[in-house]
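J.: I'll drop the sequence and a predicted model, then ask my questions.
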There are 2 protein chains.
Amino acid sequence: MPHRADSLDTIQRELTAFARRARAAAAQLHPELSLVSYTLLAHLQDQRGCRATDLAAHYLLDKSTVSRQIAALERLGFVERRTDPDDQRVQVLHLTDRGTAVLDQVAASRRIAFEERLADWDEDDLARFASYLLRYNASAATRD
Amino acid sequence: MPHRADSLDTIQRELTAFARRARAAAAQLHPELSLVSYTLLAHLQDQRGCRATDLAAHYLLDKSTVSRQIAALERLGFVERRTDPDDQRVQVLHLTDRGTAVLDQVAASRRIAFEERLADWDEDDLARFASYLLRYNASAATRD
DNA sequence: CGCTTTGGTTGTATAGTACAACTGGATAGA
DNA sequence: TCTATCCAGTTGTACTATACAACCAAAGCG
């Protein structure tokens, strides 16, 4: 059993290496939706609509970055804005049908890729890995 | 116990969310070394020197990207090139003392951040999380 | 020796991103 | 109620990371 410090170093190194490859891997896997577009759309689907500010906070992005990304996704017809009647400043973002369609398609290819990569993992390990990731990200969310 | 498909979806979602935040998190944590610079230097340290081509392959980057990154790191005095006497085409890259120093310092702040984030994990969970990440990345390395 | 492969650089174009300045709506304290 | 402040979002600007293609030089092979 490795020591705490070794495990920490491994976790740090492997998570970082993964992050470094993720953008390129996404570009290969689904050229029609970049990693950032994919995550924004997925969040919109998950939350059933949200504000640009929420996206920026969740993904540690500047609001101007989100503004431009959303503008691009709107031009593509993937999202639409609905001004919140209770607060005229707020634009609640929603997936359009087209957005849902392209997101579902991309999510499907990602799922296949992950299934392949994790094909020889047994169910218990998968469940435990998933719970570790949830726990890890939950702690990041409260701090950052 | 969740089903296999649920675990896969969670893993996919959480890894992706992590990747999306990693760049910004790195920029906040250590402004003096971007995520990509950090990973390249760390790989150099790990491997005790390697070729630009190896870096490109490992991180799914174009060789021109690596070429420019290395040129920048060389200007900063963090890496040096030593032409391989057995093959005049090859430039073996090495950390300089300055590169080692800055990398160690950045690695230390990262280690602290990860320690904090994982403070309430017990040793067994850490070890298991680390081994899962190793296993996951190993499978990615053979394919991509 | 010429052809192909390999490692690397440079030209060029684009996407992603941040920061600062701004606009317009909301809100709270005088 | 007026004004100062805050909040959501956009736009101007600049820079970094990145890819792709064209290129160069050395190596290896027939």
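T.: Received the coordinates, thanks. Numbers count the residues shown, from 1 in each chain, chains lettered A, B, ... in the order given.
J.: Provide a list of residues in contact with the most centrally placed residue in chain A.
T.: The residue lying closest to the centre of chain A (C-alpha atoms, centre = their mean) is A:T39, at 3.2 Å. Neighbouring residues of A:T39 by C-beta atoms under 8 Å, 6 or more residues apart in numbering or on different chains: A:Y59, B:T16, B:A17, B:R20. All C-beta atoms are positioned from the backbone trio N, CA, C, and that covers glycine.
J.: Pretty sure the last one sits against A:S34.
T.: By that I understand B:R20. No: at 10.8 Å, B:R20 does not count as touching A:S34 under the criterion of C-beta atoms under 8 Å.
J.: of these two, who's got more company?
T.: More neighbours surround B:R20 than the other of B:R20 and A:S34, with 25 against 15 (other C-beta atoms under 10 Å in any protein chain shown).
J.: mind checking the SS state of the more buried one?
T.: The three-state label given to B:R20 by DSSP: H, G, I helix; E, B strand; the rest coil is helix.
J.: next structured bit after the helix or strand hosting the residue nearest to the centre of chain A?
T.: Following DSSP states H and E, one finds A:T39 within helix A:35-47. Next in sequence after helix A:35-47, counting helices and strands by DSSP H and E, comes helix A:52-58.
J.: what's in contact with that following helix?
T.: So helix A:52-58 is contacted by A:40, A:43-44, A:47, A:61-63, A:65-67, A:70, A:91, A:93, A:141, B:17 (C-beta under 8 Å, 6+ apart).
J.: That helix: how far from the chain's middle?
T.: Centre-to-centre, helix A:52-58 and its host chain are 12 Å apart (C-alpha atoms, centre = their mean, to the nearest Å).
J.: Report the mean per-residue pLDDT for it.
T.: Taken as a whole, helix A:52-58 carries a mean pLDDT of 96.
J.: give me every residue that touches A:S139.
T.: Listed by C-beta under 8 Å, 6+ apart, the contact set of A:S139 reads B:R117, B:L118.
J.: now the nearest residue to A:R110 once chain neighbours are set aside: how far from B:T65?
T.: Excluding the flanking residues, the one nearest A:R110 by C-beta to C-beta, 6 or more residues apart in numbering or on different chains is B:Q12, at 5.8 Å. As judged by C-beta to C-beta, to the nearest Å, B:Q12 and B:T65 stand 26 Å apart.
J.: Who has more neighbours out of these two?
T.: B:Q12 (21 against 16).
J.: isn't there a helix covering the more buried one?
T.: Yes: counting by three-state DSSP, B:Q12 falls inside a helix.
J.: Let me know the pLDDT of it.
T.: The model's pLDDT for B:Q12 equals 95.
J.: Next, give phi and psi for A:E80.
T.: As for A:E80, its main-chain torsions (degrees, to the nearest 10) stand at phi -130, psi 160.
J.: quick one: it and A:T100 touch, right?
T.: No: taking C-beta under 8 Å as the definition, A:E80 is not a contact partner of A:T100, at 11.4 Å.
J.: So in chain A, where's the weakest helix or strand by average pLDDT?
T.: helix A:123-143 (a mean of 88; mean pLDDT, DSSP states H and E).
J.: I'd like to know how far A:A101 sits from chain B.
T.: 19 Å (C-beta to the nearest C-beta, to the nearest Å).
J.: buried stuff in the helix or strand containing that residue?
T.: Taking DSSP H and E as the criterion, A:A101 maps to helix A:97-117. Using 16 or more other C-beta atoms under 10 Å in any protein chain shown as the test for burial, helix A:97-117 gives A:G99, A:V102, A:L103, A:V106, A:A107, A:R110, A:A113, A:F114, A:R117.
J.: is any part of it close to DNA strand C?
T.: No: if you take C-beta under 7 Å from any atom of the strand as the test, helix A:97-117 misses DNA strand C, and the best it gets is 13.2 Å.
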